[in-house]
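J.: predicted coordinates and the sequence they were generated for:
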Amino acid sequence: MYKMLYNKTMKVGVYCNRATKKFIPIRNDLIALLRKQKIGFVEYDAVESIGEVDVLIVLGGDGTILKVAIDAGMRGIRLLGINSGNLGFLTEFEGEQVNEAVDLLRKGYLIEKRSVLRVDVNGTTHYALNDAVFQRYYDSGADDNVVAVSAEIDGKKVDEFVGDGIIVSTPTGSTAYSLSAGGSILTPNLAAFILTPVCAHSLHNRPIVFADSGELRVRLTEQDGALSLFCDGKLVSTLRFEDDVVLSKANFCVEFLKSKDSNFFDRLLFKLNKWSK
C-alpha cells in the first residue's frame, strides 16, 4: 500500500448501477458532495462508455465492481466502491458513508493491489478478479452428470476431482463462491490462489492453497465429459476432453482505494454477520 492525495489534475469518474434499489439517494448525495468540494467528475451509465479517468467511483455491489474491474485494471484505473447493492465485500464504504468516501479523495487514500487470474483456453485468454469456475455441464440425457477433473501445478499432479467441478480463486474471490463451497479465506495481500472442489465424491479432496507464481493446468479425464467455464460468474467457454486450460497470475492487478483505517478483518466480520442473517 502507498498513499495518494487528490489534486486538480486527477480525473474522477462515477459509474452507477441504476438497477440497485438504493441507487438514487446515494447517487444524489455523492454528486452533490463532489460538486460542493469542487471535485470535477464525469458520470457513466454503461461500462463501455467509461473514459480515461484516474479514479472510478463505483456505486453498486460486488457484481457491479466485477463488471468494471478487469478493464479498469488493464487501463490503470483505480476503483473506489460505495455499496448500493446487497453484500458488497469489494466496496470500501456503505451507502450511508458517502461523506467518508469523498473525504478519502480530498485527504488522501491508500492503494491496495488485488491479483488477477489469467485463464488461457486453446489460445484464447480470459481474466478473473474473483474466480474461474469449472462446473459440470448439465446434460439431461446423460446417465451420470458428475465430472472428473485433473489438476497439475507446474507439471506435478495435484489430484483428480470427481464431483460437480472445481473453483480456482484469487484471495479476493476467496470470500465468494469458494467460501460457500468450503474453501479457506485468504487475506488480500497473500501471493496465493486456492483450488476448491465443489461437492467432491471423495472425502480426501480438500481445498488447496498454492503460490500464485505457479502454473495450474486443468483437464477433463473422461472423453465424453464436458465442463462449463465461468470467469467472475460469466460463461466464457464449454470445455471438452481435448481442451487445454492453463491458469496463472495476470501481469496486471486491480487497484482499490482504501482508507488508512481500513481493516480487512473488521470488514470480513461485518459482512459475514450480515450474510448470515
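T.: It's in. Residues are numbered from 1 along each chain as shown.

J.: can I assume residue 124 is in contact with residue 237?
T.: Yes. Counting by Cβ atoms under 8 Å, residue 124 touches residue 237, with 7.5 Å between them. For glycine as for every other residue, the C-beta is placed from the backbone atoms N, C-alpha and C.

J.: could I get the full set of helices for the stretch 51-200 of the chain?
T.: Assigned by DSSP state H, counting those that start in this stretch, the helices in the stretch 51-200 of the chain fall at 62-75, 98-107, 177-180.

J.: okay, buried residues for the second one please.
T.: By neighbour count, and taking 16 or more other Cβ atoms under 10 Å as the criterion, the buried residues in helix 98-107 are 98, 101, 102, 104, 105.

J.: give me the distance from it to the chain's centre.
T.: Remark: helix 98-107 is offset 24 Å from the chain centroid, using Cα atoms, centre = their mean, to the nearest Å.

J.: okay, it in CSV with CA atoms only?
T.: Below are the C-alpha coordinates for helix 98-107, written out as CSV (Å, rounded to 0.1, in the frame of the first residue of the first chain):
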residue,chain,number,x,y,z
VAL,A,98,-20.8,9.0,1.1
ASN,A,99,-19.2,11.8,3.1
GLU,A,100,-16.3,9.5,4.1
ALA,A,101,-15.8,8.4,0.5
VAL,A,102,-15.5,12.0,-0.7
ASP,A,103,-13.2,12.9,2.2
LEU,A,104,-11.0,10.0,1.2
LEU,A,105,-10.3,11.6,-2.1
ARG,A,106,-9.6,15.0,-0.6
LYS,A,107,-7.5,14.0,2.4
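
J.: what mean pLDDT does that helix have?
T.: Mean pLDDT, helix 98-107: 92.

J.: cool, and the first one?
T.: Average pLDDT, helix 62-75: 96.

J.: before we move on, what about stretch 255-265?
T.: The average pLDDT within stretch 255-265 is 90.

J.: residues in contact with it: which ones?
T.: Here stretch 255-265 makes contact (Cβ atoms under 8 Å, 6 or more residues apart in numbering) with 1, 3, 55, 73, 76, 78-81, 90, 92, 100, 104-105, 108-114, 187-188.
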